[in-house]
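A.B. asks: predicted model, plus sequence, below.
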Amino acid sequence: MTRLSVAVAQATASAMPTNTTFTISDLAREFDLTTRAIRFYEDMGLLQPERSGPGGRNRVYSSRDRTRLKLTLRAKRLGLSLTEAKDIIDMYDSPRDTGPQLRKFLTVLAEHRRQLEEQMAELQANLDEVKTHEREARALLGKFEKRA
């Protein structure tokens, strides 16, 4: 199992028994996010807070929401899109067999690895070009300084 899939399974299992709740400000402070970012994750379906207060204006986040936010941020650090993160995190909320979940996770990771390797090749080509220009500029500067 990969570190993210293990983390998803462990975090999901460990978050279930508690009844702790959080406000949007609590989560924003803990994860160093803006409340707007948290609302965006909610709009994307990654978080599903309960509503309370007049007209349901106050969001009440559960331990499950906190765990899902933590996993979302971890997936983002890995470079996964929010849609990919949601798909993977959602798999662990369902009672389905873990085989299909892991196959899906491996497919997502393989595609992400391919994209990173492609970006790395492009960066290496750019770096090689910069080095070539540096050599040429140094050679020209050397010729200029010899004449002066």
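C.D. replies: That came through, no problem. Numbering: from 1, shown residues only.
A.B. asks: the helix or strand containing R36 - what's its average pLDDT?
C.D. replies: Using DSSP states H and E, R36 sits in helix 35-43. Averaging pLDDT along helix 35-43 yields 96.
A.B. asks: the very next helix or strand once past that helix pairs with which strands?
C.D. replies: Using DSSP H and E, the helix or strand that follows helix 35-43 in sequence is strand 50-52. Using DSSP bridges, strand 50-52 pairs in its sheet with strand 58-62 (antiparallel).
A.B. asks: the helix or strand that contains R113 - contacts with which helices or strands?
C.D. replies: Following DSSP H and E, one finds R113 within helix 98-147. Applying 3 or more Cβ pairs under 8 Å, 6 or more residues apart in numbering; DSSP states H and E, we find helix 98-147 packed against helix 3-15, helix 82-91. Every C-beta, even on glycine, is put in place using the N, C-alpha and C of the backbone.
A.B. asks: centre of the chain to that helix, how far?
C.D. replies: 22 Å (Cα atoms, centre = their mean, to the nearest Å).
A.B. asks: from Q119, how far off is the closest residue to T21 other than its chain neighbours?
C.D. replies: Nearest non-adjacent residue to T21, counting by Cβ to Cβ, 6 or more residues apart in numbering: V60, 5.0 Å away. Separation of V60 from Q119 (Cβ to Cβ, to the nearest Å): 40 Å.
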